[in-house]
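> 3D, please:
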Amino acid sequence: SSSAKLIVAALLLSSAFVAMPANTGGMSQSPAVPSIVFMNSDWVVSGFNSTANTTIVLSGNLTVTGSGCLEFRNVTLIMNATSAADSFGIYIWDGARFYVNDTDGNRLTTADRSVISNNATYGIGYSFRVNGTATFEMRNSRIRGCGLLGVQAGANESGLTVLSDAVLIEGSEISGCSHG
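The predicted structure follows:
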C-alpha cells in the first residue's frame, strides 16, 4: 500500500540523518568509533600497513624494518608496560617509514588525532628511536610518556631519539617525556 511505502521511505530518510554527523562549521568532527586491539607480543612491520580509527594496546616492541611502512590515522597506540621489568620501545630502522597523522589535516580538531602513549595507570615509559635513514612524519598528533628512567635508561632509551634528517613534526604535541 502507499502508506506502507511512505513509512519505509520515512524510516530510511530518518536513519540517513542519524548516521550523518552534525555540521559544526569545520571546527570539530566526530571520528568513527575506534575498535580496541590487544597485542601481547612484539609487532614487526616489514611491508605496508595502514591503520585507522583504532586503539592498540601493545605489550611488546613496535619495530618498523627497513622495508616497512606504517601509517596511523586516528590511532591511539598504548605502550603497555605494567612493571619496571618491562622495557618496550618503538624502533624505526634505517629505510623504514612511519607516519603518525590525524584524519582531517586540521590541527584545531583534536578528537581525530593519533596518540602514542605509555599506560598512564602504571606510568612506565618506553623508548622511541628513529634511525639515520628512516622517515618519520607526525602531523596534528601527540606523543606522551616517552622515555625510560632509572637503570633501564641508556643513551638510546631515555626519550624520543631522532637520528634522521627525514623528519617532519607539525601541529603536534610531545609531553610528559623523560628526555627528548
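
> so what's W43 closest to, chain neighbours aside?
Spatially, and ignoring its direct neighbours in sequence, W43 is nearest to L62 (5.0 Å; Cβ to Cβ, 6 or more residues apart in numbering). The way it works is simple: take the backbone N, C-alpha and C, and place the C-beta from them, glycine included.

> and the pLDDT for the nearest residue to G89 once chain neighbours are set aside?
Among residues not flanking G89 along the chain, S127 sits closest, at 3.5 Å (Cβ to Cβ, 6+ apart). Listed pLDDT for S127 reads 91.

> from what I can see S127 touches G147, true?
Yes: counting by Cβ atoms under 8 Å, S127 touches G147, with 7.2 Å between them.

> who has more neighbours, those two?
Legend: neighbour count by other Cβ atoms under 10 Å for S127 and G147, higher for S127 (24 against 21).

> name the next helix or strand downstream of the worst-scoring helix or strand of the chain on mean pLDDT, please.
None of the helices or strands of the chain scores lower by mean pLDDT, DSSP states H and E than helix 2-19, at a mean of 35. Counting by DSSP states H and E, the next helix or strand C-terminal to helix 2-19 is strand 35-39.

> so what's the gap between stretch 85-98 and the chain middle?
14 Å (Cα atoms, centre = their mean, to the nearest Å).

> flag every buried residue along that stretch.
Across stretch 85-98, burial judged by 16 or more other Cβ atoms under 10 Å covers 86-93, 95-98.

> same thing with stretch 44-52?
Within stretch 44-52, the residues scored as buried using 16+ other Cβ under 10 Å are 45, 51-52.

> any idea how far apart the tips of it sit?
Terminal residues of stretch 44-52 lie 17 Å apart, using Cα to Cα, to the nearest Å.

> picking that back up, possible to save the buried residues of stretch 44-52 as TSV with pLDDT, secondary structure and distance to V115?
Listed next are the buried residues of stretch 44-52 as TSV, based on pLDDT from 0 to 100; DSSP: H, G, I helix; E, B strand; the rest coil; distance: Cβ to Cβ, whole Å:
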residue	pLDDT	secondary structure	distance to V115
V45	98	strand	18
T51	96	strand	13
A52	95	strand	13
